[in-house]
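K.L.:
This is the structure alone, sequence omitted:
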């Protein structure tokens, strides 16, 4: 008799404990899911930002009037892409300075002015090479290529 009474008192307590563990488990899974979703979203945003930055440089090369006149120069912190425009009177310069990719409109032969340049995006590294009618762009470990050939498909 005592034992049955004891079990009757214990049953609701066991049910409450089981229900509490279930609630804690569900809350833990929701929290873990939220943290993982946040991390995935941040990584996707970084990848989208990087893809947009690389595409911007590719498009600048593609829209250059005279692709045969595109050249590399030494920028403030490494390579500087120079894209002549308006018959060579001006040039668009793209380079890295203080962990950001910058774009500057200048006259050829003038020194780079990073303080006056427009900040395109935050980057850790920027490398570019021109070879065999192809520009190889590398930004933060992501590579892309842009053709230096004319629209007719021949050499520039």
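P.N.:
Cool, the structure landed. It should be emphasised that the depicted structure is a prediction, and the values quoted were computed from it without experimental measurement.

K.L.:
Contacts only, for residue 142.
P.N.:
By C-beta atoms under 8 Å, 6 or more residues apart in numbering, residue 142 lies in contact with 50-51, 54. Where C-beta positions appear, they are placed from N, C-alpha and C, glycine not excepted.

K.L.:
Pull out the buried members of those residues.
P.N.:
Those of the contacts of residue 142 that meet the buried threshold are 50, 54, by 16 or more other C-beta atoms under 10 Å.

K.L.:
What about the contacts of residue 142, which are in strands?
P.N.:
Among these, DSSP state E puts none in strands.

K.L.:
So which of the contacts of residue 142 belong to helices?
P.N.:
50-51, 54 (DSSP state H).

K.L.:
Turn these into a markdown table, columns for pLDDT and distance to residue 135.
P.N.:
What follows is the ones in helices among the contacts of residue 142, written out as a markdown table (pLDDT from 0 to 100; distance: C-beta to C-beta, whole Å):
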| residue | pLDDT | distance to residue 135 |
| --- | --- | --- |
| 50 | 89 | 17 |
| 51 | 89 | 17 |
| 54 | 90 | 11 |
